[in-house]
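[1] Have a look at this fold, sequence not included:
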């Protein structure tokens, strides 16, 4: 499986803040916590039926250590 460094992703996208270490290799970007693997980036967005922020802890337990969040004021 191919991967890309988080630093490369951050160079390519507009972002507001980064917390923690950026030395991760990302092999999957997903908003579905059921698909998370230890090298995945989990994207928590608020959808019409579900709120991805509710699945951050689940994604963490499945191995995700990189998260993109829509609402920075939410507590997890």
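    The structure has been received and is ready for your questions. As the structure is a prediction and not an experimental result, all values here were calculated from the model. Numbering: from 1, shown residues only.

[2] Does residue 60 lie in a helix or a strand, and which?
    helix 56-61 (DSSP states H and E).

[3] how many other residues sit next to residue 20?
    9 (other CB atoms under 10 Å). To be clear about C-beta, it is placed using only N, CA and C from the backbone, and glycine gets the same treatment.

[4] That one in helix, strand or coil?
    coil (DSSP: H, G, I helix; E, B strand; the rest coil).

[5] now it: how far from residue 27?
    19 Å (CB to CB, to the nearest Å).

[6] Likewise for residue 8?
    Where residue 27 is concerned, residue 8 sits at a distance of 13 Å (CB to CB).

[7] Same question for residue 21.
    Counting by CB to CB - residue 21 and residue 27 are separated by 17 Å.

[8] between those two, which one's more packed in?
    Neighbours per residue, other CB under 10 Å: of residue 21 and residue 27, the larger number sits with residue 27, 14 against 9.

[9] show me where the protein has helices.
    Per DSSP state H, the chain carries helices over the ranges 6-12, 56-61.

[10] nearest to residue 69, of the ones you listed?
    The closest of the helices of the chain to residue 69 is helix 56-61. By CB to CB, the value is 7.4 Å.

[11] May I see the buried residues of the closest one?
    56, 59 (16 or more other CB atoms under 10 Å).

[12] same deal with stretch 46-56?
    Quick answer for stretch 46-56 (16+ other CB under 10 Å): 52, 53, 55, 56.

[13] what do you get for stretch 6-24?
    Buried residues in stretch 6-24, defined by neighbour count with 16+ other CB under 10 Å: 6, 9, 24.

[14] can you pull the pLDDT of the last one?
    At residue 24, the model reports a pLDDT of 91.
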